[in-house]
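Student: Fold the following and give me the result.
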Amino acid sequence: MASRFSGALQITNLDDFITPSQECIKPVDYKKSTTTTGAKIKIKDDKEYVNINQKIPEKLEKVEITLADCLACSGCITSAESVLVSQQNQDELLRVFHEKKNHESSNESAKFIVVSLSVQPILSIAERYNLDPEDTTLRLAGYFKELGADMVLDMTVADDLALLESAKEFVKRYNQSQEGQEKQIPMLASACPGWICYAEKTHGNFILPYISTTKSPQQIMGSLVKYHLAKMKNLSAENIYHITLMPCYDKKLEAYREDFHNQLINTRDVDCVITSIELEQMLEYENKNLQNIDPQKIDYPFGILELNSVSRNVWGHEGSGSGGYAHFILNYAARNIFGMSDIKLQFKNLKNPDFKEAVLERNGQILLHFAIANGFRNIQNLVQKLKRNKCTYHYVEIMACPAGCLNGGAQIRSQNGLQSRQLASTLESKYQNLPIIEPESNIVVKTLYDSWLDGEDSEKAFKYLYTQYHEIEKMNIALTMKW
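Tutor: Just a heads-up that it's a prediction; the model follows:
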C-alpha cells in the first residue's frame, strides 16, 4: 500500500515498505499455558488467532503498533501504516459522536466535543465541492454540529499566536547569536511534523538546536481548547474531546507526541486529527454533498475576529499558503532588530519552485537572509549545507510536502485531472485572495495574552506556547541489520 505520510517520513536509513513483522518490534507480556505440549494456534476465517490446545479455545490478543510506539522508534514509519492510525481516523471519530448521542439519550454525562478548522483543508474542500471558502466553513460547521459537535472553531487565533511567538523567538536567537552563542542561527521552522519527526530520527542532536521550539498552530489550539476554553465552560480538560481538521496525515503523529499528553489527567491536547480526504470519505459514505448541508455559525468563545469592522470566518496571512512564517518573521525582525518598516519583500525562486529566498539589505549590506524550503530534496540539501557550515540563512520555513501545506498528503485530489502541483497552485491563488489579518493587530490575540497567559513573556505563556524535541537513538537489533 502506498504511503500517505510525507516524503520526509518515508525516506530513512532503513528500507521502506516492509511488513510490520520485520522491523516494528513491540514487546508484549503473555502468560504461558500450563500445558507441556505446546500451543496449537488456528487462524479463523475472520483472521482471529485462537489457541485450540485447551478445553476452552483461547482467543489470542493482537499486537497493535500505535502512533506513540512509532514516535519512540528509530525505524520505519510508513510500513505499519494500516495499524498506526487506529485511534486517529474517521471510524474513531464517528464512534465518539455515536457514544455522545447514546449518553445524552440516557441522561448520562457526555464528552464536550470541539472541532477546530485550519485554513488549508477548508480551501481543499471548497475546491472539491465548488464552494466559496467562507460558505464552506459555515457548511463544515453545520456538518460537524449535525454529527454532535458542541462547538466548531476557526484556528486563526492559534495561527497568529504561532507566528508571533516564532518571530519573538527569532529575534531572541538572533541577538544571542550576535553575542557569540552557538547553534542559534539559522532558526528552522517547527510547524511541520513530518520535518520534525525526520529531524529527530535522522539528524538528532546535530539539527535539533536550530529548530524553533514554538508549538505548531494545531498544538497551540490544543492548549487553548483544553486549558482555557475548558475553564471558561467550567469543564475539566479530560471531559473535552478535541478534533482538528488538517491537510496532512503527519499531523496525527504530532497530536500523539508524549509532549502533548497530560499524564496527570490522562488527556491529549488534540484527541483526534481528521484530514480533508477522510472528511470527503465520510460524506461519500453517508451519500451527502457538502453543498446540501445547512450552514451554521462558527463559534468564537474568545472574541470575534474583525478587520475594518467586518467579521469573517476564513483568514489568510501574507506569504506562503503554509502560514506565511518566513514573510511575517522577516518583517517582524526588520522592525524589531533594525528599525526598518514598510519594507517590500519578494521571495524569489532559485533552482526549483520549492526553494525560495529573500534578502533584507540596507546601504548594500545584507542584514537578513531568509528562505522557504519545501519537499524532502530541498530539506536534504539544506541539512548538508548546515553540516558543511555553508548555510548563510538566518531563518528557513521548512515544510515536508512539495509546494507546502496546501499540497499536503491528505488534501483532496483533483476531480478535473489536475496534477498535484497544478492543484496546489490553484489553492495558493485562493489563499492569496483571502482577507489578510495581521497577527499584531489581532485584538483577540492581545486579549488572550492577558486573560489566559498572564502576559506575553510569562511562565504560563512559555508552558502553553512552546515545546521541546528529542533525538531518537538508532536501534541495533538483529532484525534491523543489513547482511
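Student: Would you mind listing the buried residues in the lengthiest helix in the chain?
Tutor: For the chain, the longest helix by residue count, based on DSSP state H, is helix 156-178. Neighbour-count burial for helix 156-178, counted by 16 or more other Cβ atoms under 10 Å, picks out 156-171, 173-174, 177. Any C-beta I mention is one placed from the backbone N, CA and C, and that applies to glycine too.
Student: and what of stretch 467-476?
Tutor: 467, 469, 471, 472.
Student: tell me which element the second one falls in.
Tutor: In this case it means residue 469. Taking DSSP states H and E as the definition, one finds residue 469 inside no helix or strand.
Student: can you tell me which residues contact it?
Tutor: Listed by Cβ atoms under 8 Å, 6 or more residues apart in numbering, the contact set of residue 469 reads 190, 196, 199, 200, 208, 211, 213.
Student: same deal with residue 184?
Tutor: Counting by Cβ under 8 Å, 6+ apart, the residues that residue 184 touches are 173, 174, 176, 177, 209.
Student: redo that, cut-off 7 Å
Tutor: 173, 176, 177 (Cβ atoms under 7 Å, 6 or more residues apart in numbering).
Student: now do residue 161
Tutor: Contact analysis of residue 161 by Cβ under 7 Å, 6+ apart lists 220, 445, 465.
Student: Share the number of residues neighbouring residue 446, please.
Tutor: For residue 446, the count of nearby residues is 15 (other Cβ atoms under 10 Å).
Student: Report the contact partners of residue 215.
Tutor: Applying Cβ under 7 Å, 6+ apart to residue 215 gives the contacts 162, 465, 466, 467.
Student: Go through these and name the one nearest residue 343.
Tutor: residue 162 (22.1 Å; Cβ to Cβ).
Student: Just the pLDDT for that closest one.
Tutor: In this model, residue 162 is scored at 95, pLDDT.
Student: Surely it touches residue 217?
Tutor: Yes: between residue 162 and residue 217 there is a contact under Cβ atoms under 7 Å: 4.6 Å.
Student: any common contacting residues for these two?
Tutor: With Cβ under 7 Å, 6+ apart, residue 162 and residue 217 have common neighbours residue 191.
Student: Spatially central residue for the protein, please.
Tutor: Most central in the chain under Cα atoms, centre = their mean is residue 251, positioned 3.3 Å from the mean C-alpha point.
Student: Might you report the residue contacts of that residue?
Tutor: Counting by Cβ under 7 Å, 6+ apart, residue 251 has contacts 193, 218, 273.
Student: still on that earlier bit, of the contacts of residue 469, which is the most crowded?
Tutor: residue 196 leads the contacts of residue 469 on contacts (other Cβ under 10 Å) with 27 neighbours.
Student: mind listing the strands for the stretch 101-250 of the chain?
Tutor: 112-117, 151-154, 187-188, 240-246 (DSSP state E, counting those that start in this stretch).
Student: The stretch 351-483 of the chain too?
Tutor: 355-362, 365-374, 395-399.
Student: how about residue 373, what does it touch?
Tutor: 355, 379, 382, 396, 398.
Student: Among those residues, which one lies nearest to residue 423?
Tutor: Using Cβ to Cβ, these come closest to residue 423 at residue 355, 20.3 Å.
Student: Grab the nearest non-local neighbour of the closest one.
Tutor: residue 378 (4.8 Å; Cβ to Cβ, 6 or more residues apart in numbering).
Student: Let me know the distance separating that neighbour from residue 384.
Tutor: 11 Å (Cβ to Cβ, to the nearest Å).
Student: The two: which is more packed in?
Tutor: Between residue 378 and residue 384, residue 378 has the larger neighbour count (other Cβ under 10 Å), namely 22 against 11.
Student: Looks like the more buried one contacts residue 357 (just checking).
Tutor: No: taking contacts as Cβ under 7 Å, residue 378 lies outside contact range of residue 357: 11.2 Å.
Student: what's the burial count for residue 454?
Tutor: 12.
Student: sorry, back to before: quick one: which of the contacts of residue 251 is nearest to residue 149?
Tutor: Distance to residue 149, by Cβ to Cβ, is smallest for residue 273 among these, at 15.0 Å.
Student: who does that closest one bridge with?
Tutor: residue 244 (DSSP bridges).
Student: Might you report the residue contacts of residue 200?
Tutor: By Cβ under 7 Å, 6+ apart, the neighbours of residue 200 are 469, 470, 471, 472.
Student: Equivalent analysis for residue 422, please.
Tutor: By Cβ under 7 Å, 6+ apart, residue 422 lies in contact with nothing.
Student: picking that back up, neighbour-wise, which one of the contacts of residue 373 leads?
Tutor: Result: residue 398 is most packed of the contacts of residue 373 (other Cβ under 10 Å), 31 neighbours.
Student: May I ask you to confirm that residue 151 is in contact with residue 117?
Tutor: No: with contact defined as Cβ under 7 Å, residue 151 does not count as touching residue 117 (11.2 Å).
Student: Compare these two and say which one has the larger neighbour count.
Tutor: Set residue 151 next to residue 117 and count neighbours by other Cβ under 10 Å: residue 117 wins out with 26 against 21.
Student: got a pLDDT number for the closest residue in space to that one that isn't next to it in sequence?
Tutor: Distance criterion Cβ to Cβ, 6+ apart; nearest residue to residue 117, sequence neighbours excluded, is residue 245 at 4.9 Å. pLDDT for residue 245: 95.
Student: Next one: residue 245 from residue 285, what distance?
Tutor: Per Cβ to Cβ, residue 245 is found 17 Å from residue 285.
Student: Between these two, tell me which one has more neighbours.
Tutor: The neighbour count for residue 245 versus residue 285, taken as other Cβ under 10 Å, is higher for residue 245 (26 against 10).
Student: That one touches residue 118, doesn't it?
Tutor: Yes: assessed by Cβ under 7 Å, residue 245 is found in contact with residue 118 at 6.1 Å.
Student: quick revisit: out of the buried residues of stretch 467-476, who's nearest residue 100?
Tutor: Using Cβ to Cβ, the buried residues of stretch 467-476 come closest to residue 100 at residue 467, 29.9 Å.
Student: Run through who's touching stretch 313-327.
Tutor: Contacts of stretch 313-327 (Cβ under 7 Å, 6+ apart): 119-120, 122, 133-134, 137-138, 154, 156, 159, 163, 166, 189, 191, 298, 305, 328, 345, 347, 370, 372, 395, 397, 399, 404-406, 427-428, 431-432, 434-437.
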